[in-house]
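Student: return atomic coordinates for the entry below.
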Amino acid sequence: MANITFWSKQDGYISEWDADRNYSNDTPLYVGRYLQPGDSFRSLLQFGIDRIPPTSQIEEAELILFLYRNETPSTIHVNAHRLLCKWKQSNVTWNNQPPHKPKPDGIEIIHPKGSGFVKICISELVEGWYDGSIPNHGLILIGNEQINSVLGFVSSHSKECERSPRLKIRFVDGIIEIYQTEELRVPFGQCPLVDSAPIPLGPRKMATFMIENLSDSWRVEAKLQLGFSDCPDDTFFDAGSWVPIKANGYPGEGIVLSSEDAAEYARVLIKGKGGECLLVHPRSKER
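Tutor: As a prediction, the model looks like this:
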């Protein structure tokens, strides 16, 4: 297990009251409503995460901010939303702020008179940034804009460097081994079963099989098996129950089965009514 910390590469706040003004050089990051309706603040941040080694697994990611100003009269939430477009710290304003996903990727509770470091868990968002499934345009912090409840966090422009925004990531570095994809066809007859080629396990190795149903059959199931030999004719032991795989074209047409149990080899066993075609994508990873 390893930890790495990234400091924001750009951050700043925007003001609804001065909707065309850029505050890129100011030291605070304001969030929430100040004195009246139409007087809200939001803050934008972006982090680069390029120093995480390839083939790593993200275990946890926390956005860490330092709260120095708290004018909320009651307990509120601060929401971290992913941004959907590029933006520049030097010219972002309330009127040109990039769109964000409505559902927050992280939420933290702020209590009246609270101060100090605030941590917002955004693990799933950072996993998406890391594997490329979510474009990394950063995030926007939105507070309670219905009541006067302004909050002030320290920005990267402050002289208090130790209180600047940071992203702390805990990850496991590993090596993924990719095995050849197998195309399997369930035989017809009294025993409509077919098994994949075994792949090696080890003291620190996890095996994963991604299985796709290419047929229109709803009678396909798969289970994980473990063994002490790579010979398909030797005994393999069930490591779980049957898992159904839906027909091609329906959500659930692909499933994933994994094991890190103490055994030398792993494979998947597939059954159907006969004639179904499936693809098996085996992987293993050092833990």
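Student: any idea of the mean pLDDT for the longest strand along the chain?
Tutor: Longest strand of the chain, by residue count under DSSP state E: strand 56-70. Strand 56-70 comes out with an average pLDDT of 93.
Student: the residue nearest to the spatial centre of the chain sits in which helix or strand?
Tutor: Nearest residue to the geometric centre of the chain (CA atoms, centre = their mean): residue 124, 2.5 Å. Element membership for residue 124 (DSSP states H and E) is helix 123-131.
Student: kindly report the same for residue 177.
Tutor: strand 176-178.
Student: give me the next element, helix or strand, following that strand.
Tutor: Taking DSSP H and E, what comes next after strand 176-178 is strand 182-185.
Student: residue 19: how many residues sit nearby?
Tutor: When neighbours are counted by other CB atoms under 10 Å, residue 19 registers 13. In short, each C-beta sits where N, CA and C put it, glycine included.
Student: that one - that's part of a helix, no?
Tutor: No: if the criterion is DSSP: H, G, I helix; E, B strand; the rest coil, then residue 19 is coil and not within a helix.
Student: list the contacts of the residue nearest to residue 237 when sequence neighbours are not counted.
Tutor: Excluding the flanking residues, the one nearest residue 237 by CB to CB, 6 or more residues apart in numbering is residue 226, at 5.4 Å. Listed by CB atoms under 8 Å, 6 or more residues apart in numbering, the contact partners of residue 226 are 201, 236, 237, 239, 259, 261, 263, 265, 266.
Student: let me see the contact set for the last one.
Tutor: So that's residue 266. Residue 266 neighbours (CB under 8 Å, 6+ apart): 198, 199, 201, 207, 209, 224, 225, 226, 227, 239, 259.
Student: please redo it, this time with the cut-off set to 10 Å
Tutor: Contacts for residue 266 (CB atoms under 10 Å, 6 or more residues apart in numbering) come out as 196, 198-201, 205-209, 224-227, 236, 239, 257-260, 282, 284.
Student: show me the beta-bridge partners of it.
Tutor: residue 199, residue 226 (DSSP bridges).
Student: model confidence score at it, please.
Tutor: 95.
Student: for residue 182, see how far away it is.
Tutor: Going from residue 266 to residue 182 by CB to CB, to the nearest Å gives 14 Å.
Student: number of residues surrounding residue 283?
Tutor: With other CB under 10 Å as criterion, residue 283 counts 16.
Student: give me phi/psi at it?
Tutor: phi -140, psi 150 (degrees, to the nearest 10).
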